[in-house]
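Q: just a sequence and a predicted model for now, questions to come.
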Amino acid sequence: MNNLGQKVIYQIYPKSFYDSDGDGLGDLRGILAKMDYLEKLNIDLIWFNPFFVSPQNDNGYDIADYYQIDPRFGNMADFEELVTQLKKRKIGVMLDMVLNHCSTAHPWFKKALAGDPKYQKYFYLRPVKENGDLPTNWQSKFGGSAWAPFGDTGLYYLHLFDPTQADLDWHNPQVRQEASQVVNFWRQKGVQGFRFDVINVTGKDEELRDSTDPATEKYLYTDTPIVHQYLQELNRTSFGQDDQTITVGEMSSARLPGAVEYAVPATHELSMIFTFHHLKVDYQNGNKWETIPFDFAQLKETLSSWQTAMDQGGGWNALFWNNHDQPWALNRFGDPVHYREKSATALATAMHCLRGTPYIYMGEEIGMMDPDYQTISDYVDIESRNAYQELRRQGYTDDQAFQKVKAKARDNSRVPMHWDASSTAGFSSGQPWLRPTDQEKINVQKELQSGVIFNYYQKLIY
């Protein structure tokens, strides 16, 4: 299907790729300005992180309008030109669909809060228990309770992520219809691919139950059987109408063998799935902030078991080391101090020679590394800031808490792309939204002149 085994997909975090207007934020015209570079890499498709209208409380994953470009990134004309210019270079466009939740600034939530019964059914609204406890004891993935007051109604709404990201109730057919309409709108704009954010947590039960074990709490709402029904319906009513469309689902905490079903052609769900077990081999007891050296044997076993199971079940893997939610793989699994280039090419070889479709995260092809930040104020990401405060409450010193965050912060990979050795890394004529730190030794200009990593990726892809 779609020759998936021959495709290579490049991920661009628009906020950090290239700033065309000097405001410190990457934008769509910045991407247009780098067309020659993108074409040089030989990629087939680009996955763009969200650039829809958003308050940016979670860097665009809190969407307030699914149909409009956020003005800080450009406008619809810019997007349409981007699609056209990439098509000329035989590069397709994949957009990020954040459909498990929406921003509390979205009209749906505002109408619900204003008392509209139609839109109140779009969300998980629940009263407190008879004893006054919250509807469930679930914890948000960003820390704290997963419930927040729904105005002054006495009800609470569910937010598995930030309180400004209200979970949508997919039991409601109108919600599923809205999701289909969003996908179809962008299909009509020439979009050939869709990445579905945290899509396997849409299958919560109608009757939500308390967790009895924090370690397994996520499985009360993750990978439940109904998710397959939702995806089959979405396939049928939108992207599945074009057999050339490529889709990928973000399946955090997915488990074998059920995960295989998402990416088997016969089930008519998705083209492939992202799983993250191989990126948790440096977690301690499942806790990403309790850092330990990565377990090499476990890494090999995890990659092998998923390769084998997906192959035997007829499913397809999305292969990656890096993305916008992970610290750089070079720091985690390589030796960036003594063997940066050799580590980068070894990691590239491992991923591109597995069974599946490789994804390259912008900057990976020049060997970018975690920034050398010295204070928590250097970080912008809400997850990192919340984690730092929680670690301090747990008794860690300022420095101990900071070192843990420094090793695993999502902002590590969100640092602006290094285009040259200047103070702003050639990313912007203004002040970058995140500070680059090692652009003097790692940048596109230097890599294309005398480096080996970019050239190695070109050959792997070609």
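A: Structure's in. What do you need?

Q: which residues sit against the lengthiest helix in the chain?
A: Secondary structure assigned by DSSP state H gives helix 296-313 as the longest helix of the chain. The contact list for helix 296-313 (C-beta atoms under 8 Å, 6 or more residues apart in numbering) reads 256-257, 260-261, 263-264, 275, 277-278, 281, 315-317, 333, 354-356. In short, each C-beta sits where N, CA and C put it, glycine included.

Q: please redo it, this time with the cut-off set to 7 Å
A: Counting by C-beta atoms under 7 Å, 6 or more residues apart in numbering, helix 296-313 makes contact with 256, 257, 260, 264, 275, 277, 278, 281, 316, 317, 354, 355, all of which sit outside it.

Q: backbone dihedrals for residue 100, please?
A: Per-residue torsions, residue 100: phi -80, psi -30 (degrees, to the nearest 10).

Q: where does the chain dip in pLDDT?
A: Applying pLDDT under 70 to the chain picks out residues 1.

Q: need the contacts of helix 296-313 in TSV (columns: distance to residue 429, neighbour count and secondary structure).
A: Formatted as TSV, the contacts of helix 296-313 follow (distance: C-beta to C-beta, whole Å; neighbours: other C-beta atoms under 10 Å; DSSP: H, G, I helix; E, B strand; the rest coil):
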residue	distance to residue 429	neighbour count	secondary structure
256	49	15	coil
257	52	11	coil
260	48	21	helix
264	49	15	coil
275	40	23	coil
277	42	19	helix
278	39	21	helix
281	41	20	coil
316	42	24	coil
317	41	24	strand
354	40	15	coil
355	44	13	coil
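
Q: ok, which pair from those is furthest apart?
A: 264 and 281 (26.5 Å; C-beta to C-beta).

Q: what's the burial count for residue 151?
A: Using other C-beta atoms under 10 Å, residue 151 has 11 neighbouring residues.

Q: so that it lines up with my notes, have the first residue be 31 from now on.
A: Shifting the count to begin at 31 puts that one at residue 181.

Q: residue contacts, it?
A: Taking C-beta under 7 Å, 6+ apart, one finds residue 143 in contact with residue 181.

Q: how far away is it from residue 98?
A: Going from residue 181 to residue 98 by C-beta to C-beta, to the nearest Å gives 26 Å.

Q: of the contacts of helix 326-343, closest to residue 455?
A: Looking across the contacts of helix 326-343 and measuring by C-beta to C-beta, the closest to residue 455 is residue 308, at 29.4 Å.

Q: and the gap between the closest one and residue 385?
A: Distance, residue 308 to residue 385, by C-beta to C-beta: 14 Å.

Q: with residue 403 instead?
A: Plainly put, residue 403 is 37 Å away from residue 385 if you go by C-beta to C-beta.

Q: again with residue 358
A: 24 Å.

Q: list phi and psi for residue 169.
A: According to degrees, to the nearest 10, residue 169 has phi -100, psi 140.

Q: domain boundaries for the protein, per the record?
A: For the chain, automatic domain parsing gives the domain ranges 34-131+203-412+442-491, 132-199.

Q: between the ones you listed, which gets nearest to residue 419?
A: domain 132-199 (8.1 Å).

Q: on that earlier part again, distance between the longest helix of the chain and the chain's centre?
A: Centroid displacement of helix 326-343 relative to its chain, using C-alpha atoms, centre = their mean, to the nearest Å, is 22 Å.

Q: equivalent analysis for stretch 270-289, please.
A: With C-alpha atoms, centre = their mean as the basis, stretch 270-289 stands 14 Å off its chain's centre.

Q: show me which positions of it end up buried.
A: The neighbour-count check on stretch 270-289 (16 or more other C-beta atoms under 10 Å) flags 270, 275-284, 288-289 as buried.

Q: could you identify the helix or strand that succeeds the longest helix of the chain?
A: strand 348-349 (DSSP states H and E).

Q: each with direction, which strands does that following strand pair with?
A: When pairing is defined by DSSP bridges, strand 348-349 lines up against strand 387-391 (parallel).

Q: give me the contact list for the strand it pairs with.
A: In contact with strand 387-391 (C-beta under 7 Å, 6+ apart) are residues 34, 37-41, 302, 348-350, 352-353, 381-382, 443, 487.

Q: among those residues, which are in strands?
A: 39, 40, 41, 302, 348, 349 (DSSP state E).

Q: of those residues, which is the nearest to residue 115?
A: residue 40 (14.8 Å).

Q: quick one: residue 132 from residue 203, how far?
A: 17 Å.
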